[in-house]
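[1] got a structure for you, letters missing:
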């Protein structure tokens, strides 16, 4: 890459991020979760706070007084506070804090008696749940060293890097003790929390199921890859025993939630590629009888379930371009639509907090709408607090035109996506941004959920966000089409989307690039070995060699399940779908990006493809960030990455190409 091109872009990129972030200095940013008292009078949320540009964000809890619209900090400090949860009576807020030791979260309470630090538990607390009577708290704690999911940025929880001398080796064994996730329970006011003693059971998600039990998604192994075969279990909290409730045949489970009386459990079963990204079928399990009922949700891939009482619940989800909230009466089967729209409610996937009068409190956002906390009643929204500011307003005004798209795959299957393009007539140079997963989906998020999209549009590029087969929100049959066919028909879905835009005059056929992260990184690397359509590529956190990915990643089960093959099959998909083995076909200059702390797609994957391209005379650079994981999150690194991307596109798809044509 021309260093001049890179240095030319860096000041503009930094100014862009400063303009967006500077108005938020020292203030609460966009909510990362949302909790509400049942009467809806008070909301609590986690948000990032940055004192000045370049500082690492810290998490803090904001409190919204609905009557006044005023937002304030629960408390201020150099530590991190997160995961607020109101007690059933709304008088006490439980939350997690690392005030004592950075990165090691423990339980705290704030209520009529002020601030109280609960007794310490072993490890790092990840989540908590109030008992139905409000007298106890169920705690999920992970060992210091447990894996984070790729959707959480990968890496490990709170590893003490100064625990030994610099020369000491790292040692890997089959099942490290520090990777287990276990449950604890604490009765408010008691001197110690009590572990729920269960041998060889790793708990990924949980919640109360009546006064003495918990329901959990759990596996017999704590390694991240074991989540793919996890099952639903009922745990006797007092005795420390459990029994199985449900085991999927091949799909994954998420979002377990029991009715207040503990008689029924709702859980979502879905074809999933990432823990924390579950969108699929709603199941209702009868705890006593053991029966399992699959619920008709009218085409919605369910992304969260919240109970109102023993017989009714609210589910949230996605259906094509829509975000949906609906109420379900399990006794009558009646289903009531509470809200739907092409804007997005929730953070990554749709979700909201329930209010006792039937209303919802939610985070509402879209590509042009900076996130706002809203109240939803009778399908209408009322803004309670808008986080928009001068920087976000300027970005929205300069971020181009937004539209939904549909086109046909080569087999006639309907494929959907979003297009953002600069103002003015086309054709525009086009960047195809491929999402991760593969079972994920672009939604109508602020900035499309990526730092790249508005920046690319402001620099004259149109950006296509395809949701090819395998994406969430189109039903489980659609999602499962990618299992056993990664890099198959989804490849042609993306190519067909590009051809659709070229045919309608929206995209310049000589100036088309592809980029993506995680599965999008794999697809960016794969596409340049399958077609000469692209003038440039940016492959971030990719998988380029399925065999080495299986053997070095912390989720080898992912490769085995989604390739539907064995690494011991020399003619199988571990080899026939590895971009590195087809590098001789590539002609597209490719920027390869990795993070040294990435455990799900190790940085060596980017390096392998870079070396393979160089071997075959294809222009390539490999950029490895030493402090980043699956995502690039530090401000300085984000500026560096975005400047490199713009410089790479400038170099290999300049405006002069079109003029020559």
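    Okay, I see it. Just so you know, these numbers come straight off a predicted model, no measurement behind them. Numbers count the residues shown, from 1 in each chain.
[2] unless I'm mixing things up, residue 74 is touching residue 61, no?
    Yes. Between residue 74 and residue 61 a contact is recorded at 4.0 Å, counting by C-beta atoms under 8 Å. Any C-beta I mention is one placed from the backbone N, CA and C, and that applies to glycine too.
[3] what residues do the two have in common as contacts?
    44, 81, 84, 93, 95 (C-beta atoms under 8 Å, 6 or more residues apart in numbering).
[4] nearest to residue 649, of the residues you listed?
    residue 81 (40.0 Å; C-beta to C-beta).
[5] how many neighbours does the closest one have?
    25 (other C-beta atoms under 10 Å).
[6] please apply the same query to the one 3 residues further on.
    The local packing count at residue 84 equals 23, with neighbours defined by other C-beta under 10 Å.
[7] show me the shaky parts of this structure.
    For the chain, the stretches with pLDDT under 70 are 1-4, 159-163, 658-661.
[8] how about the nearest residue to residue 274, chain neighbours excluded?
    Distance criterion C-beta to C-beta, 6 or more residues apart in numbering; nearest residue to residue 274, sequence neighbours excluded, is residue 151 at 4.7 Å.
[9] please report how far the one you found lies from residue 231.
    Remark: distance between residue 151 and residue 231 (C-beta to C-beta, to the nearest Å) = 21 Å.
[10] ditto for residue 519
    To residue 231, residue 519 is 25 Å away according to C-beta to C-beta.
[11] more neighbours: which of the two?
    The residue with more neighbours, out of residue 519 and residue 231, is residue 519; 30 against 15, by other C-beta under 10 Å.
[12] thought the more buried one was touching residue 434?
    Yes. Using C-beta under 8 Å, residue 519 is in contact with residue 434, at 7.4 Å.
[13] wait, residue 623 touches residue 593, no?
    Yes. Here residue 623 reaches residue 593: they are 5.0 Å apart, a contact under C-beta under 8 Å.
[14] what touches both of these two?
    Taking C-beta under 8 Å, 6+ apart as the contact definition, residue 623 and residue 593 share the neighbouring residues 606, 641.
[15] these two: which is more packed in?
    residue 593 (25 against 22).
[16] where does that one fall, phi/psi-wise?
    phi -130, psi 140 (degrees, to the nearest 10).
[17] partners of it in the sheet?
    As for beta bridges, residue 593 partners with residue 540, residue 623 under DSSP bridges.
[18] from residue 543, how far off is it?
    13 Å.
[19] domains in this protein, as residue ranges please.
    31-113, 399-653 (automatic domain parsing).
[20] hey, which of those is tucked in deepest?
    domain 399-653 (a mean of 21; mean count of other C-beta atoms under 10 Å).
[21] that one: how far from the chain's middle?
    17 Å (C-alpha atoms, centre = their mean, to the nearest Å).
[22] circling back: same list (the domains of the chain) but as JSON lines, adding distance to residue 284.
    Shown next, in JSON lines, are these (distance: least, C-beta to C-beta, whole Å):
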{"stretch": "domain 31-113", "distance to residue 284": "23"}
{"stretch": "domain 399-653", "distance to residue 284": "17"}
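[23] please report phi then psi for the residue nearest the centre of the chain.
    Against the mean C-alpha coordinate of the chain, by C-alpha atoms, centre = their mean, the closest residue is residue 151 at 4.3 Å. Dihedral pair for residue 151: phi -70, psi -20, per degrees, to the nearest 10.
[24] can you check residue 521 too?
    The phi/psi pair for residue 521 (degrees, to the nearest 10) is phi -70, psi -40.
[25] residue 508: what's it in contact with?
    With C-beta under 8 Å, 6+ apart, residue 508 has these contacts: 426, 427, 428, 429, 430, 658.
[26] wait, a strand at the fourth one?
    It refers to residue 429. Yes. Counting by DSSP: H, G, I helix; E, B strand; the rest coil, residue 429 falls inside a strand.
[27] wait, it touches residue 512, no?
    Yes. Using C-beta under 8 Å, residue 429 is in contact with residue 512, at 7.3 Å.
[28] overlap in contacts of those two?
    What both residue 429 and residue 512 touch, as defined by C-beta under 8 Å, 6+ apart, is the set residue 653.
[29] quick one: the strands in the stretch 201-350 of the chain?
    202-208, 213-219, 231-236, 241-246, 252-258, 264-270, 281-286, 292-295, 301-307, 312-319, 322-329, 335-341, 344-345 (DSSP state E, counting those that start in this stretch).
[30] all set now, cheers.
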